[in-house]
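A.B. asks: make a model of this:
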Amino acid sequence: MEETRTSALVADKLRGWGLDVTEGIGKTGVVATARGKQPGHQRAIGLRADMDALPIREETGLPYASRNQGKMHACGHDGHTTMLLGAGRFLVEHPDFTGTVHLIFQPAEEGLGGASAMLQDGLFERFPCDAVYGMHTGPGLPAGKFATRTGPLMAGVGRFEVKFLGAGGHSGLSAIATTDLTIVQANFILGLQTIVEGGLGSKEPAMIRVGSIFGGQREAPAVMPTELYVGGTLRTFTPEVQSFMEHRIDELAHSSAKKQGATAEVNIRWSSPPLINPGEQTVIAVRAAQVVVGIENVITEGKPITAGEDFAFLLKARPGAFVFLGNGVAEDGSFHNIHTPYYNFNDEVIPTGVAYWVSLVHEELGVD
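C.D. replies: Residues are numbered from 1 along each chain as shown. A predicted model of the protein is given here:
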């Protein structure tokens, strides 16, 4: 939600090219509208790019590295924005399509609710869309290749925080006088793995990972803490598994605490639901990509990945599809992944991304 300079730059470019522009959607979001000049069915679609950066200090050493210390485009959103800008410029100069294209420049994708903010600000009421499409850079995928799939493509992402509470006290006292919360958290963490391995099985991929444990004081190791926290992340690909995991984590936390005479407070929240591509729009997206790079360069049965993407909120509101565009690999097959200090968006794929957006418009809004 700090993309004020980027939003202003985007809006200025779009207005200069002759598009209708609305700013301030979901605080710093921008929507531009391109209208086709051809007669025929007057449908409308949305094309979405995210704009935000990450709180990471860039270590690429490139001459165009971030000048804002502690902030960098470590997820390719600067490339996403550039490709959609290119498509907007082309569409307004070549309006050989029917209907309307809304170019959606979204803030705060990185777990901070940008898609939800735009939806709450009336995104699809103010800019009606029959379908909405998204695209993301794909590190590890050769440049010029696309990948997607029908059905679950990216995980729903959640966080859990559990606070265990007990009497605490001197570690030399009897178990009757103290509550050992370290045993509570140990049993709880071991039990978490049974939720995935025993409760779901291999047919329902999911992930529970503990990332933080803290309690007590380092300078007082002989004092049993009265509070102990355990936190981590959740990944799942269906709403049903989301509900199952919530129930089991809550149940496990309270049962683990009760066995030791303690209590538990459980907080689970989801930053994004599973991203699930509907079949009809995925076929359209695949066809658009194939026109640009050829059938052999479009992977249609890509594996679901456990990263999250809040474009999933838009897909819950409207049908659509999400694809990955390869960012390229080195000759030895290595690459720098997103969310690392060394990630660098591959500028050479920008024309491919622009061409995909234009091809998608023609597939959806082309003249019959």
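A.B. asks: which residues does the most centrally placed residue in the chain contact?
C.D. replies: Of all residues in the chain, the one closest to the mean position by Cα atoms, centre = their mean is E309, 1.6 Å from it. Residues touching E309, when contacts are defined by Cβ atoms under 8 Å, 6 or more residues apart in numbering, comprise E109, G134, H136, M154, S272, L275, F322. Every C-beta, even on glycine, is put in place using the N, C-alpha and C of the backbone.
A.B. asks: nearest to N68 among the residues you listed?
C.D. replies: Nearest to N68 among these is E109, at 17.8 Å by Cβ to Cβ.
A.B. asks: quickly list what the closest residue in space to the closest one that isn't next to it in sequence is bridged to.
C.D. replies: Take E109 and drop its neighbours on the chain: the residue closest to it by Cβ to Cβ, 6 or more residues apart in numbering is D50, 3.8 Å away. Taking DSSP bridges, one obtains Q106 as the residues bridged to D50.
A.B. asks: next one, pLDDT for D50 please.
C.D. replies: D50 is assigned a predicted lDDT (pLDDT) of 98.
A.B. asks: just the helices in the stretch 201-350 of the chain please.
C.D. replies: When secondary structure is read from DSSP state H, counting those that start in this stretch, the stretch 201-350 of the chain shows helices at 239-259, 279-293, 311-317, 350-365.
A.B. asks: right, so of the ones you listed, which gets closest to G113?
C.D. replies: With Cβ to Cβ as the measure, helix 311-317 is the member of the helices of the stretch 201-350 of the chain nearest G113 (8.5 Å).
A.B. asks: could you chop this protein up by domain?
C.D. replies: The chain breaks down into these domains under automatic domain parsing: 4-151+275-365, 156-272.
A.B. asks: just for the stretch 201-350 of the chain, where's the confidence low?
C.D. replies: Residues of the stretch 201-350 of the chain that meet the criterion pLDDT under 70 lie in 201-204.
A.B. asks: which stretches of it form strands?
C.D. replies: 206-215, 223-224, 227-236, 263-272, 275-277, 298-299, 320-326 (DSSP state E, counting those that start in this stretch).
A.B. asks: looking at those strands, which one is packed in the most?
C.D. replies: When you average the neighbours per residue for each of the strands of the stretch 201-350 of the chain (mean count of other Cβ atoms under 10 Å), strand 320-326 leads with a mean of 25.
A.B. asks: that one to helix 350-365, inter-axis angle?
C.D. replies: For strand 320-326 against helix 350-365, the angle by axes from the mean of the first three to the mean of the last three Cα atoms, to 10 degrees is 160 degrees.
A.B. asks: who are the packing partners of strand 320-326?
C.D. replies: Contacts of strand 320-326 with other secondary structure elements, assessed using 3 or more Cβ pairs under 8 Å, 6 or more residues apart in numbering; DSSP states H and E, are made with strand 131-138, strand 146-147, strand 275-277, helix 279-293, helix 311-317, helix 350-365.
A.B. asks: pull the distance from that strand to the chain's centre.
C.D. replies: Mean-position distance between strand 320-326 and its chain equals 12 Å (Cα atoms, centre = their mean, to the nearest Å).
A.B. asks: now it - C-alpha only, PDB.
C.D. replies: Taking only C-alpha atoms (Å, rounded to 0.1, in the frame of the first residue of the first chain), the coordinates of strand 320-326 have been written out as PDB:
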ATOM      1  CA  GLY A 320     -10.600 -16.500 -15.300                       C
ATOM      2  CA  ALA A 321      -7.200 -18.100 -15.500                       C
ATOM      3  CA  PHE A 322      -3.600 -17.600 -14.200                       C
ATOM      4  CA  VAL A 323      -0.400 -18.500 -16.100                       C
ATOM      5  CA  PHE A 324       3.300 -18.500 -15.600                       C
ATOM      6  CA  LEU A 325       5.800 -17.000 -18.100                       C
ATOM      7  CA  GLY A 326       9.300 -18.400 -17.900                       C
END
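A.B. asks: what strands line up against it, and which way round?
C.D. replies: The strands that strand 320-326 pairs with in its sheet are strand 131-138 (parallel), strand 146-147 (antiparallel) (by DSSP bridges).
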